[in-house]
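Enquirer: predicted model follows, preceded by the sequence.
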Amino acid sequence: MAAKQTKKDDKEEASMDPKTARKLFDEGAMLVFLDVPAGTEFGIDYNSWTVGTRFRGVKMIPPGLHFIYYSAISQGSTNVGMRTGFFHYFKQREILVKKWDVRLEDISDYQPTEDEIKQYKCNREKLDSFMGPYPYHSLKQWVSLSTFVSETLMNSLIPDNGKIQSVTELIGDKESRTTEQRAEIRASLPEDATVEQQMPQMHVNPETKIKFTEIPTKHPTNANPEQLTKYNMDSTYSLQTLIESQYEANKLDLLGEMQFAFICFLLGQVYDAFEHWKSLVHLLCSAQEAISTHSDLYNSFITVLYFQLGEIPKDFFIDIVSSNNFLTTCLTEFFQNLEDSSAHEELKSRGRKFKKSLTRKFKWDFDDLECGEYAPQVVMF
């Protein structure tokens with residue numbers, strides 16, 4: 001969960017060398033966020049605030065990927081609405097303008113004209129006192145979580161509506177089916193269909209779904225029993241298929257998707273993103289042969305996982321991650337696969353250091369594994 005910030009960032013800006021602060025203001029990007037009600041929870045990357053009446057956005061944003069999110073507060077109460085956010089790849093000196101819609105309790109469809117953008121650029125100095133400074137003290141922390149998420153990858157994963165929503169949006173058939181599709185659904189109902197059966201079926205609004213890559217099956221369709229046993233114990237076939245079909249141009253984008261999913265869960269509070277992150281972690285940990293053939297991928301995988309697990313809040317994430325021994329099972333398998341592989345000694349050494357750091361931090365025993373849901377399966381024949 002993002003760290004709460006109050007006056008720390010203003011003090012940080014004040015303590016900066018004036019030349020440094022001026023350069024960051026001139027070169028950094030700016031998010032102008034208009035009409036946000038006081039009391040709204042607002043965050044960017046690994047920091048969040050409860051905004052006041054003077055809030056108009058964030059200044060001095062470093063170029064690159066950032067995640068902006070917010071939760072409305074019901075008037076006259078402390079009830080917090082669902083978390084909604086969006087990713088944006090800021091350019092140097094860019095000014096991004098968003099406007100709040102009180103009726104929707106969300107960002108409106110407002111799109112500023114080029115002339116309006118020019119006016120904001122000319123009035124940067126006047127806006128300064130209404131803008132919160134980007135929290136540079138946590139920039140390295142954020143970069144460690146988003147290293148491999150390129151702008152191209154970001155655009156391929158974000159939902160069609162551009163928003164990351166913590167609550168799944170369901171819609172009825174009438175809102176998303178064609179006339180022909182609705183007729184087919186009606187025709188499939190029995191003559192004595194109950195009222196409940198005739199009610200519109202609800203499903204996830206396709207415009208709100210994050211476009212995560214589907215993980216291929218574990219084995220070829222024509223695999224014999226011996227091969228089925230091998231592929232169920234070693235997910236290399238599935239991983240190789242995924243790389244060739246989706247990430248042949250840059251297999252490190254696979255780690256970018258893993259980071260994207262982690263951010264969507266940790267900061268966006270999207271549980272489906274956590275499930276996808278788990279699937280990718282399990283896929284990489286159980287691909288025994290791939291460790292030898294894709295050493296560069298696994299070298300970066302250790303780094304990504306090291307920083308991700310370093311961000312697990314003790315009071316928020318640990319119980320979910322540890323349920324059913326998911327991570328201890330996956331990582332025990334990974335560490336064993338790494339030792340048994342023909343990967344270079346440098347990679348094996350990094351794996352041993354990673355294992356020791358996890359043992360120190362979480363007290364996980366990787367030598368006393370109880371196999372569960374993620375244990376390898378043997379096909380009997």
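Expert: Thanks, I have the structure now.

Enquirer: okay, CA-based contacts and neighbour counts for the rest of this
Expert: OK.

Enquirer: correct me if wrong: Ser286 contacts Phe335.
Expert: No. Between Ser286 and Phe335 there is no contact under C-alpha atoms under 8 Å: 9.8 Å.

Enquirer: between these two, tell me which one has more neighbours.
Expert: Using other C-alpha atoms under 10 Å as the criterion, Ser286 and Phe335 rank with Ser286 on top: 29 against 20.

Enquirer: if I look at that one, how far off is Cys330?
Expert: As judged by C-alpha to C-alpha, to the nearest Å, Ser286 and Cys330 stand 7 Å apart.

Enquirer: low-confidence ranges, the stretch 101-250 of the chain, go.
Expert: Residue ranges of the stretch 101-250 of the chain with pLDDT under 70: 173-178, 181-182, 185-186, 191, 193-202.

Enquirer: residues touching Lys140, list them.
Expert: Listed by C-alpha atoms under 8 Å, 6 or more residues apart in numbering, Lys140 has no contact partners.

Enquirer: helix, strand, or coil at it?
Expert: Recorded secondary structure, Lys140: helix (DSSP: H, G, I helix; E, B strand; the rest coil).

Enquirer: distance of it from Tyr237?
Expert: 35 Å.

Enquirer: Lys251 now?
Expert: In terms of C-alpha to C-alpha, Lys251 sits 15 Å off from Tyr237.

Enquirer: which one of those two is surrounded by more residues?
Expert: Tyr237 (20 against 17).

Enquirer: hang on, the more buried one packs against Thr221?
Expert: No. Tyr237 lies out of contact with Thr221 (C-alpha under 8 Å); the separation is 11.7 Å.

Enquirer: how far away from the center of its chain is stretch 147-164?
Expert: 9 Å (C-alpha atoms, centre = their mean, to the nearest Å).

Enquirer: quick one: the helices in the stretch 251-381 of the chain?
Expert: For the stretch 251-381 of the chain, the helices defined by DSSP state H, counting those that start in this stretch occupy 253-266, 271-285, 288-293, 295-310, 318-322, 326-340, 345-362.

Enquirer: the longest one packs against which elements?
Expert: It stands for helix 345-362. Counting contacts by 3 or more C-alpha pairs under 8 Å, 6 or more residues apart in numbering; DSSP states H and E, helix 345-362 packs against helix 295-310, helix 326-340.

Enquirer: show me where the stretch 101-250 of the chain has helices.
Expert: Using DSSP H, counting those that start in this stretch, helices in the stretch 101-250 of the chain cover 114-122, 124-127, 139-146, 151-157, 173-176, 179-188, 195-198, 225-233, 236-246.

Enquirer: let's have those in JSON lines, adding distance to Leu297.
Expert: Converted to JSON lines, these look like this (distance: least, C-alpha to C-alpha, whole Å):
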{"stretch": "helix 114-122", "distance to Leu297": "42"}
{"stretch": "helix 124-127", "distance to Leu297": "43"}
{"stretch": "helix 139-146", "distance to Leu297": "16"}
{"stretch": "helix 151-157", "distance to Leu297": "17"}
{"stretch": "helix 173-176", "distance to Leu297": "40"}
{"stretch": "helix 179-188", "distance to Leu297": "44"}
{"stretch": "helix 195-198", "distance to Leu297": "49"}
{"stretch": "helix 225-233", "distance to Leu297": "20"}
{"stretch": "helix 236-246", "distance to Leu297": "11"}
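
Enquirer: would you mind measuring from the nearest residue to Thr241 once chain neighbours are set aside to Arg103?
Expert: Once flanking residues are discounted, Thr241 sits nearest to Pro216: 6.8 Å by C-alpha to C-alpha, 6 or more residues apart in numbering. Noted for Pro216: a distance of 43 Å to Arg103, by C-alpha to C-alpha.
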